[in-house]
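# Need a 3D model of the following:
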Amino acid sequence: MFEAVIALCVALTDGPCRDHLLPGYEAQDLASCEAALITKPPDLSAEAPLVAKGAARCQQTGDALSFSEVADGVFVHVGAIEEPDKSNRGDTSNLGFVIGESSVAVIDTGTARWMGEAVWRAIRQRTNLPVSHVILTHVHPDHVLGTAAFSTTEAQVIGHANLSRALADRASNYIESLDRLIGTADFLGTRAVAVDTVVEDDMMVDLGGRTLRLQAWPTAHTGTDITIFDVATGTLFAGDLVFDRHTPALDGSLRGWRAVMAELQAFKLNLIVPGHGGPTLRWPEGAAAMTRYLGVLEADTREAIDTGMRLGAAVETIAQSEADRWQLFDAYNPRNATVAFTELEWE
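Down below sits the predicted model:
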């Protein structure tokens, strides 16, 4: 199998440069790929200010992300439970796609453009159906910043009604930070992509003989959370409303998150795909650890507030009983305690 790529650079004189995948030119042989480039030259206007070094060219297909089929036609990639860095290249969150009879939906795209490209390749290993939808579960960069890889396709980008504003407020800081952590060589070409369709309440997506139900939630993990339910298999993509092994990350409302989890507990599901860990969990028992953690976080925070403890001291004590149960605890629990304290002290 062959694909089309083009070298895009920060500057032609001294780079850095990275080969960017051009989706849609895949072919079984080199001649067919090259003929497709001649018939429909790629539009690179969206890539500015990056500049092309040479013309687009065809080569053998590059590396794809690894996906496992967790239910019929439902595929999940499991990211590392790590902070993004040069060694993992930002591959730190779970991603997915669902194949219908007429098209494919992608669920989250990763931290960097290279990941979106590797998702595209993984899909092409399994089907030639078009990617009709890219569904973003929430604003955090490890779930959304690979979307630029799909910007020249016909895929419709879908997210929460609050997602566009949240991305506008945060994208530049995310990109600056991740370029430093991952390294420009791998991060080059990564940018935020506009949301085409918003989910205000719930929405049905038809992939041809297969329906996905998208549901927007009140402020919980973030103010931009949606879930995706595959009706055919009873599989729910929860995004970061559900964490497994990775310490939960509170960037919204603790009370709101607990309320959403209580509502989700009543859902009849076969499997749930968490935003981190997994790849799948049984429901509702699979969320028991996270539900417990959020309860401890709230109880300890309320106790600290009631005893007159100041924030700095409280952060050192809140939810410490959970430390041995989670990975990355020292990176995330202090932030969670700070957000929880700030929320609950003003009740």
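# neighbours of Phe237, just the number please.
Using other CB atoms under 10 Å, Phe237 is surrounded by 29 other residues. No exception for glycine: its C-beta is placed from N, CA and C like everyone else's.
# whoops, Val296 was the one
Val296 has 16 nearby residues by other CB under 10 Å.
# what are the phi and psi angles of it?
Main-chain dihedrals, Val296, degrees, to the nearest 10: phi -60, psi -40.
# any idea how far it is from Thr317?
Between Val296 and Thr317 the computed distance is 11 Å (CB to CB, to the nearest Å).
# Please apply the same query to Cys58.
Relative to Thr317, and taking CB to CB, Cys58 is found at 59 Å.
# between the two, which one's more packed in?
The neighbour count for Cys58 versus Thr317, taken as other CB under 10 Å, is higher for Cys58 (21 against 14).
# Endpoint to endpoint, stretch 206-226 covers what distance?
End-to-end span of stretch 206-226 (CA to CA, to the nearest Å): 17 Å.
# do stretch 130-147 as well
One end of stretch 130-147 sits 16 Å from the other (CA to CA).
# what ranges do the strands span in the stretch 101-250 of the chain?
Here the stretch 101-250 of the chain has its strands, by DSSP state E, counting those that start in this stretch, at 104-107, 131-135, 156-160, 197-199, 202-206, 211-216, 226-230, 235-243.
# Out of those strands, which gets nearest to Ala304?
Among the strands of the stretch 101-250 of the chain, strand 235-243 comes nearest to Ala304, with 22.8 Å by CB to CB.
# same for the closest one, what does it pack against?
Other helices and strands packing on strand 235-243, by 3 or more CB pairs under 8 Å, 6 or more residues apart in numbering; DSSP states H and E, are strand 226-230, helix 254-265, strand 271-276.
# quick check: mean pLDDT across the shortest one?
It stands for strand 226-230. Averaging pLDDT along strand 226-230 gives 98.
# what's the answer for stretch 257-273, then?
In the prediction, stretch 257-273 has an average pLDDT of 95.
# now do stretch 84-94
Per-residue scores along stretch 84-94 average to 97.
# measure that stretch end to end?
End-to-end for stretch 84-94, by CA to CA: 13 Å.
# For that stretch, buried residues please.
Across stretch 84-94, burial judged by 16 or more other CB atoms under 10 Å covers 84, 88-94.
# before we move on, what about stretch 45-52?
Buried-residue list, stretch 45-52, by 16+ other CB under 10 Å: 47, 50, 52.
# Need the residues that contact it.
Stretch 45-52 is touched from outside by 6-12, 20, 44, 148, 151-152, 188-189, with contacts defined as CB atoms under 8 Å, 6 or more residues apart in numbering.
# try stretch 155-172
For stretch 155-172, using CB under 8 Å, 6+ apart, the contacting residues are 106, 130-136, 138-139, 141, 144, 147, 150, 191-200, 203, 205, 214, 216, 222-226.
# Now do that stretch: distance from first to last residue.
Distance between the two ends of stretch 155-172: 24 Å, counting by CA to CA.
# Could you list the domains of this structure?
Annotated domains of the chain cover 2-60, 68-243+271-282 [automatic domain parsing].
# Redo the ones you listed as CSV? Include distance to Ala323.
Shown next, in CSV, are the domains of the chain (distance: least, CB to CB, whole Å):
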stretch, distance to Ala323
domain 2-60, 39
domain 68-243+271-282, 15
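# For those domains, which has the smallest mean pLDDT value?
Out of the domains of the chain, domain 2-60 stands lowest, with a mean of 93 (criterion: mean pLDDT).
# one step back: which among the helices and strands packed on strand 235-243 is found nearest to Glu176?
The nearest among the helices and strands packed on strand 235-243, by CB to CB, is strand 271-276 at 23.1 Å.
# What are the contacting residues of the closest one?
Contacts for strand 271-276 (CB under 8 Å, 6+ apart): 70-71, 76, 79, 81, 92-94, 96, 108, 137, 143, 233-246, 279-283, 286-287.
# Which parts of the stretch 51-200 of the chain are helices?
For the stretch 51-200 of the chain, the helices defined by DSSP state H, counting those that start in this stretch cover 113-124, 141-144, 163-182, 184-187.
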